[in-house]
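> using only what follows, build the 3D model:
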Amino acid sequence: MDKDLQSIQEVRDLLKQAKIAQKELAAMDQGQIDRITAAVSRAGAEHARRLADLAVEETGFGIAEHKEIKNRFASVTVYEAIKDLKTIGVLAEDREHKTMDIGVPVGIVAGLVPSTNPTSTIFYKSLICLKAGNPVIFSPHPNALTCISEAVKVVARAAEEAGAPKGAVSCITTPTLDATTALMKHDDTRMILATGGGAMVKAAYSSGTPAIGVGAGNG
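Purely as a prediction, here's the structure:
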């Protein structure tokens, strides 16, 4: 099969699996969700140095010691900042104005991952998506495919062992522009978290799917 067609079919398969996972995540209570995010945080910290070394070796960017710090920040510090947040069910109630805030998952999230921050991006996007009960499908930069795939395996394994359904965290293994476009524009994709170059962020914003983008800005 043509590589582009193969990658598009993979996206469809991942979306199908994520949609099933979405229903299971949506039925979980706050305690179940929090156990999953805690496990992901621990796994990120445990593999922080190994994945930092892998990222530097594959991409040629950065210093391993610095990437380890960033991996720990993305997995531990981010977790500490969100661990006590209530995200499921009734979040707040204003009896005077007769209003109520209710936490509802947005749905499947597409996570675009750059080669400059490959593994740390996996940790923090996984944490914030899972904390709100959302599955995430990552589209990796081709030049960082190995370290990104390994980081996703670490997160997915930890999440599933803590009770997350299979497909809650996944990654395209044949990255192409067509695959990323198909993921961003698919009806089942509800939000895009785009980290990358200006062209990619612009593409995310013009995809027709709600997007939060971070373009170039490295020191």
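> in this protein, which residue sits furthest out from the middle?
For the chain, the C-alpha farthest from the mean C-alpha position belongs to residue 96; by CA atoms, centre = their mean, that distance is 38.0 Å.
> so who does it touch?
Applying CB atoms under 8 Å, 6 or more residues apart in numbering to residue 96 gives no contacts. C-betas here are computed from N, CA, C, even on glycine.
> helix, strand or coil for it?
Counting by DSSP: H, G, I helix; E, B strand; the rest coil, the backbone at residue 96 sits in coil.
> per-residue confidence at it?
Looking at residue 96, its pLDDT reads 95.
> next one: the helix or strand hosting residue 80 to chain centre, how far?
Residue 80 belongs to helix 78-82 when assigned by DSSP states H and E. Centroid separation for helix 78-82 versus its chain: 15 Å, with CA atoms, centre = their mean, to the nearest Å.
> contacts for that helix, please.
Contacts for helix 78-82 (CB under 8 Å, 6+ apart): 37-38, 40-41, 123-124, 127-128, 131.
> got the CA positions of the lengthiest helix in the chain in PDB?
Assignment by DSSP state H gives helix 3-26 as the longest helix of the chain. C-alpha atoms of helix 3-26 as PDB (Å, rounded to 0.1, in the frame of the first residue of the first chain):
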ATOM      1  CA  LYS A   3       2.700   5.100   2.400                       C
ATOM      2  CA  ASP A   4       0.300   8.100   2.500                       C
ATOM      3  CA  LEU A   5      -2.700   5.800   2.100                       C
ATOM      4  CA  GLN A   6      -1.300   3.500   4.800                       C
ATOM      5  CA  SER A   7      -0.900   6.400   7.200                       C
ATOM      6  CA  ILE A   8      -4.400   7.700   6.600                       C
ATOM      7  CA  GLN A   9      -5.800   4.200   7.200                       C
ATOM      8  CA  GLU A  10      -3.800   4.000  10.400                       C
ATOM      9  CA  VAL A  11      -5.400   7.300  11.500                       C
ATOM     10  CA  ARG A  12      -8.800   5.900  10.900                       C
ATOM     11  CA  ASP A  13      -8.000   2.800  12.900                       C
ATOM     12  CA  LEU A  14      -6.600   4.900  15.800                       C
ATOM     13  CA  LEU A  15      -9.700   7.100  15.800                       C
ATOM     14  CA  LYS A  16     -12.000   4.100  15.900                       C
ATOM     15  CA  GLN A  17     -10.100   2.700  18.900                       C
ATOM     16  CA  ALA A  18     -10.000   6.100  20.600                       C
ATOM     17  CA  LYS A  19     -13.800   6.500  20.200                       C
ATOM     18  CA  ILE A  20     -14.400   3.300  22.100                       C
ATOM     19  CA  ALA A  21     -11.900   4.500  24.800                       C
ATOM     20  CA  GLN A  22     -13.700   7.800  24.900                       C
ATOM     21  CA  LYS A  23     -16.900   6.200  26.000                       C
ATOM     22  CA  GLU A  24     -15.100   4.200  28.800                       C
ATOM     23  CA  LEU A  25     -13.300   7.300  30.000                       C
ATOM     24  CA  ALA A  26     -16.500   9.300  30.100                       C
END
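> no further queries at this time; thank you.
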